[in-house]
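> Here is a sequence together with a model predicted from it:
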Amino acid sequence: MRALVGISTISVVCSASIALYAAVQLASIGVIEPGPLFEIMVVLPAVVAVVTSILGALVGLGVLVRSSTRKLPFVLMAVGHLAASVGVVAVVIWSTREAASGWDLLLLPAPVVLGQLIVLAGLGLLLLRHRRLHSNIVRGQQF
C-alpha cells in the first residue's frame, strides 16, 4: 500500500505541474505555447508522470486482484493509474499511424492528467479517513 500511495503522490504532483502550466497559459494568452518553463513544467513532469502511472498501474493491479486490500481509496488510485496508462498507450499508438505528424504526441499529458484526477480523489479520500481516524484517537485520549 505504501508503494501505491508514494507512486500516486509523485504522479499527482507531476500532473499538477502540467495542469498549472496549461491553466496559466490558457488564462493569460488563450493557447498553450512552449515557453521558457515548458520543459520544466510540462516535459519533465510528463515523463515522470507517465513512468509513475505505469508503475502505479502495475502495483494497482495487485490491489485490485487481492480482496484484502480492495478499499475505495486504493481502488480509485489503481483505476486512475490504469486509465492514465491506457490513455498514454492509446495516444502513442494513435501517433504511429501513417498520417501522424508527430504533433499528436502533444496530447500525451492529457490522459495522464485526467487519470490523475481519479488518483487525486483516492489520495484525498485516504487523507480524510486518516485525519478522521487520527482525530478520533486524539479525542479518545482527552477524555
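Noted; the coordinates are in hand. From a predicted model like this one, the values you see are computed outputs, not experimental measurements. Numbering: from 1, shown residues only.
> Every contact and neighbour count from this point should use C-alpha atoms.
Noted.
> how about stretch 35-48: buried residues?
By 16 or more other CA atoms under 10 Å, the buried positions in stretch 35-48 come out as 41-43, 45-46, 48.
> tell me the mean pLDDT over it?
Stretch 35-48 comes out with an average pLDDT of 88.
> same question, stretch 125-139
For stretch 125-139, mean pLDDT rounds to 78.
> Scan the chain for its longest helix.
Longest helix of the chain, by residue count under DSSP state H: helix 109-142.
> so what does that helix touch, helix or strand wise?
Here helix 109-142 touches helix 2-28, helix 44-65, helix 72-94, going by 3 or more CA pairs under 8 Å, 6 or more residues apart in numbering; DSSP states H and E.
> in the last one, what's buried?
I take that to be helix 72-94. So helix 72-94, judged by 16+ other CA under 10 Å, has buried residues 73-88, 91.
> ok, residues contacting it?
Contact with helix 72-94 is made by 1, 4, 8, 50, 53-54, 56-57, 59-61, 63-64, 100, 104-105, 107-109, 111-123, 125-126, as judged by CA atoms under 8 Å, 6 or more residues apart in numbering.
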